[in-house]
Every structure is written in C-alpha cells, then in structure tokens.
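Peer 1: Below is the sequence, then the predicted model.
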Amino acid sequence: MKTVDLRVVHKGGAPAEPFRLQGWVRSHRASKQVSFIEFSDGTSITHLQLVVEPALPSYAAIAARITTGAAVEVIGTLVDSPGGKQKYEFRVSGIQLVGDADAATYPLQKKGHTLEFLREIQHLRPRTNTLGAVFRLRSAAAMAIHRFFDEQGFYYVHTPIITTSDAEGAGEMFHVTTLDLANVPKIDGHVDFSKDFFNAEASLTVSGQLEGEIVATALKKIYTFGPTFRAENSNTARHLSEFWMIEPEVAFLDLEGNMALGESFIKYLITDVLDHCEDELAFLHAREWVKEPGLMDTLKALANSTFEKLDYTEAIRILEKSGKSFDFPVKWGIDLQTEHERYLTDEHVKGPVFVVNYPKQIKAFYMKVNADDKTVRAMDMLVPRLGEIIGGSQREERHDVLLNRIRQMGLPEANYWWYLELRKFGTVPHSGFGLGFERFLMYASGMQNIRDVIPFPRFPGFARF
C-alpha cells in the first residue's frame, strides 16, 4: 500500500484508493459515535483530521493510548469533509500505534508555548507548527541556493572547518587542540603548538573565503555553503557562535559585477521561497512576535526592485543632513549601524541599496584598496526593514599592496604565505560576498531571534544537544 505525505495530500496528489499515513497525534477527541484525531506528519503546515469509527477493532484496542505526541500509522481514504473547517478528512479503516507518548509528561500539549520555552526542549520543538514551518523554509532556501549557483555555472566547494588562518583578522576564533589543558607544553612562556595534533595553532573557521579564492583562481566561479564559527561573546538575538554562510568567489569579476551577482542571488532566493513556501511564510508572518506587518509585501517588492548604489561618503553626508538623532553619532570613518542602514533603505532610498567604497581602516585586509588610499572596494547590500544582508568586496589582487595591508594590521605574515602567493602566480581581479544563512531566514520568516531559525543554536553559555 502506498504511503503518502500530507504535503502531497494538500496539493491534491492523494490517490483515490486507500493509502497509508505515518505521523504524530496533535489531539484526540473520542466519543461513542465518532472519534477525531488531529494528525500531522511534519511535511505541511496544514494538519489533517482523521475520522475513526469507535467500533473499529484496531482503534478500540489502543484508543486510550492515542495521546498527544503519540506516533501512529493509519490506513484509509481521503473524502470531502462535511464541516467548514477543512476541505478533506481521512476516513480511517485501520490504525496502528507505533510509539506511545506519556500524556502526563509530554511537554507539547495542545496549547500555545513561548519560543523561550521551546528553546529549552530543542529535541521536541521541531514538532511545533512554528518551528516545523521554519525548518521546512530553511530546507527549501538551502536547495534554492544550490540551484541558483548551479544554474549560473558555479562549482560547489567544501572549504576546511579546521584552519590555521584567520580570514577576518579579528582573532575571535575557537581553538582546536588535543593538548592536555592541565599540562600545556610551553616555550619561553608561550604555548608550544609543535606538540599539538596539527603541529600548529588551529581554530574553527570564521569564513571559507580565503580558501575559496584558491579554487576560484583555478575553476573561475565557485561558492561555499557551510558552517562558520565566531568566539564573539555576544549574547543577543542576532548573534550565534555557530552559523552557516554562503560565499561565492569569482575570478575576473570587479565590484560592479559582484553587486550584479548579489542582486540576482537575493532576488532569486526570495522569489523561490515565495513560490515554494507560501503557506509557511503566511503562517509565520501572522505570528504575534512578527513586529512589522506586511512582510510578505516587502519580500515581493524586494524581488522586483531596482537596487540603487550609494558611495559610503555620500551615505554619510545623507545621514548627517537627515536631521535624525541617531543613537550612534554619524561621522566619516564609522562603520554604519543598523539604525543608519534602516534610514537609508526605509526613508531615503525607500528600497534596497548598495553602499560601496568604505574606509579601509574599518574593513578587512583582503579588500582592494582604491586609488585614494583611504577607501576599499567594499560593498554592503542593504534591504528595507533589516539593513545589511550581504557584505562583500573586490579582493586585493596586487601582491605588494596586500602584503602592506597585512603588515599594517599586525597580522602574522607567515600564516598568509599561500594567500600572498596567489598574487604572484597568475593573479587576476576577483570578487565575492557572504550571506549569513540565518540572517536571511530571519528576514524572510519574520522570526525575531536567530536562535529560532537554526535547529541547534550555539551561543555563549549554551551548547546542548
């Protein structure tokens, strides 16, 4: 007998003959005349009502054990529902209890639960309507990312998770070691990493960009999509210690081409989730924690927008003349804060905008230095209601300039010998950007806490499961 998912049923793909459903009980109402089971298998935001005759032998034997959370397998037929709450219902001809759920201790009873409470039971929260919708959206968005780059002729590259290079030069990295922490070997007061597993100081990666550049200068167009780690002690609703990044790198591409790629990418991604996750987005956007109504319209507008471009210096001038009292004072040389970015998108441009050519002292060492020697060819994509969603740059392809930047920033030159050699052997202009996957998911879903768009969040003081 054919087993069918609810997402197929609700799209009109259920067979006319009897078929099997496998999933979990959301609620069970038993009576002498007829019993109703609210059923979900996790594949759709819409549940299905199972209708059972109490005298059905397979049901009568287990009726008392069909509790919220129990796993069941049912056989039956889809029929038109006489009630007005749903189009279809499922007439059960056979039911089997696959897994009990103790009604006295199962924490997900049929009532509202706060997101804070659900974060404490991450082993069960995917069963809720909200987190189930978020994780289906996450899966669909991940597949859309791979489709976009595949259609554009990119190669998917797996860059290392364990690295000896700090791509951002910020030093906020998790160390990887097998040394005995109770008896760390030292030379002249410093840790002797020659005794460590890799014979060098190693860390979890903060970005796959530098290694991505290696492959881009061979295969021309590549992208990475993998986990990255930051040991930043930021216990906020917008920061994670482990998150996923999408990072394309393209040889022979300048900043303007990089912006065009970023615009095409974000439009494709939003259009795809609007097409494939409309029910999930509609459900999530209706939740009480979505602070700004009309998010669906914002996404649709963004997918059809023309992206404007502002030079950083011009953006500062606009902010200074805005008459707004910002929490972070505006002056040339600052890194734009969310309040500044939101003003530019929501009030000045009234749409998405690229801000380009940032001061070099606030940007990473690998960004191409402009002729003024004060700014670099960096770009940030700002979108309405959020601010920055993508950050990128044209990379510095000149060996002497890159070496000088590494030295100016006090980075360990020896760690970047291979990165410098890329500028000696067939160097070319090249560019790329990064999109934080969870940041995008927050924007699309309306979820207000980044810990609710990743199945197992990691943040300061918390690494359970």
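Peer 2: The structure has been received and is ready for your questions.
Peer 1: CA atoms only for the host helix or strand of Glu263, dumped as PDB, please.
Peer 2: Secondary structure assigned from DSSP states H and E places Glu263 in helix 255-276. Only the C-alpha atoms of helix 255-276 are listed here, as PDB (Å, rounded to 0.1, in the frame of the first residue of the first chain):
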ATOM      1  CA  LEU A 255      32.900  45.200  -7.800                       C
ATOM      2  CA  GLU A 256      30.200  46.200 -10.200                       C
ATOM      3  CA  GLY A 257      29.900  42.600 -11.300                       C
ATOM      4  CA  ASN A 258      29.900  41.500  -7.700                       C
ATOM      5  CA  MET A 259      26.900  43.700  -7.000                       C
ATOM      6  CA  ALA A 260      25.000  42.400 -10.000                       C
ATOM      7  CA  LEU A 261      25.600  38.800  -8.800                       C
ATOM      8  CA  GLY A 262      24.500  39.700  -5.300                       C
ATOM      9  CA  GLU A 263      21.300  41.400  -6.600                       C
ATOM     10  CA  SER A 264      20.500  38.400  -8.800                       C
ATOM     11  CA  PHE A 265      21.100  36.000  -6.000                       C
ATOM     12  CA  ILE A 266      18.900  37.600  -3.400                       C
ATOM     13  CA  LYS A 267      16.100  38.200  -5.800                       C
ATOM     14  CA  TYR A 268      16.200  34.500  -6.900                       C
ATOM     15  CA  LEU A 269      16.300  33.300  -3.300                       C
ATOM     16  CA  ILE A 270      13.300  35.400  -2.200                       C
ATOM     17  CA  THR A 271      11.300  34.500  -5.300                       C
ATOM     18  CA  ASP A 272      12.000  30.800  -4.800                       C
ATOM     19  CA  VAL A 273      10.800  30.700  -1.200                       C
ATOM     20  CA  LEU A 274       7.800  32.800  -2.000                       C
ATOM     21  CA  ASP A 275       6.900  30.300  -4.700                       C
ATOM     22  CA  HIS A 276       7.600  27.100  -2.700                       C
END
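Peer 1: Quick check: buried residues in it?
Peer 2: 255, 258-259, 261-263, 265-273, 276 (16 or more other C-beta atoms under 10 Å). Placement of C-beta: from N, CA and C, glycine included.
Peer 1: and which of these is nearest to Thr68?
Peer 2: His276 (29.6 Å; C-beta to C-beta).
Peer 1: excluding its backbone neighbours, what's nearest that closest one?
Peer 2: Nearest residue to His276, sequence neighbours excluded (C-beta to C-beta, 6 or more residues apart in numbering): Ala140, at 5.0 Å.
Peer 1: and the one you found, what is it in contact with?
Peer 2: Applying C-beta atoms under 8 Å, 6 or more residues apart in numbering to Ala140 gives the contacts 272-273, 276-277.
Peer 1: in what helix or strand does it lie?
Peer 2: Assigned by DSSP H and E, Ala140 belongs to helix 129-151.
Peer 1: do you know how far the nearest residue to Phe326 once chain neighbours are set aside is from Ser325?
Peer 2: Of all residues not flanking Phe326 in the chain, Glu339 sits nearest, at 5.4 Å (C-beta to C-beta, 6+ apart). Taking C-beta to C-beta, to the nearest Å as the measure, Glu339 falls 10 Å from Ser325.
Peer 1: Same question for Phe265.
Peer 2: 35 Å.
Peer 1: following the helix or strand that Ala315 is a member of, which helix or strand comes up?
Peer 2: Here Ala315, judged by DSSP H and E, is contained in helix 312-320. Counting by DSSP H and E, the next helix or strand C-terminal to helix 312-320 is helix 338-342.
Peer 1: Tell me which residues of that next one come out buried.
Peer 2: 340-342.
Peer 1: just checking, next helix/strand downstream of it?
Peer 2: Past helix 338-342, the next helix or strand by DSSP H and E is strand 353-359.
Peer 1: Mind listing residues that contact that next one?
Peer 2: 255, 259, 262, 307-313, 315, 332-333, 335-336, 341, 344-345, 370, 374-382.
Peer 1: Could I get the average pLDDT for it?
Peer 2: Averaged over strand 353-359, pLDDT sits at 98.
Peer 1: strand partners of it, parallel vs antiparallel please.
Peer 2: Strand 353-359 sits in its sheet next to strand 308-311 (parallel), strand 375-383 (antiparallel), going by DSSP bridges.
Peer 1: Switch those over to TSV; also include mean neighbour count, distance to Leu56 and mean pLDDT.
Peer 2: Formatted as TSV, the strands paired with strand 353-359 follow (neighbours: other C-beta atoms under 10 Å; distance: least, C-beta to C-beta, whole Å; pLDDT from 0 to 100):
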stretch	mean neighbour count	distance to Leu56	mean pLDDT
strand 308-311	16	64	98
strand 375-383	25	54	98
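Peer 1: closest one to Lys220 among those strands?
Peer 2: Among the strands paired with strand 353-359, strand 375-383 sits nearest to Lys220 (C-beta to C-beta), with 19.7 Å.
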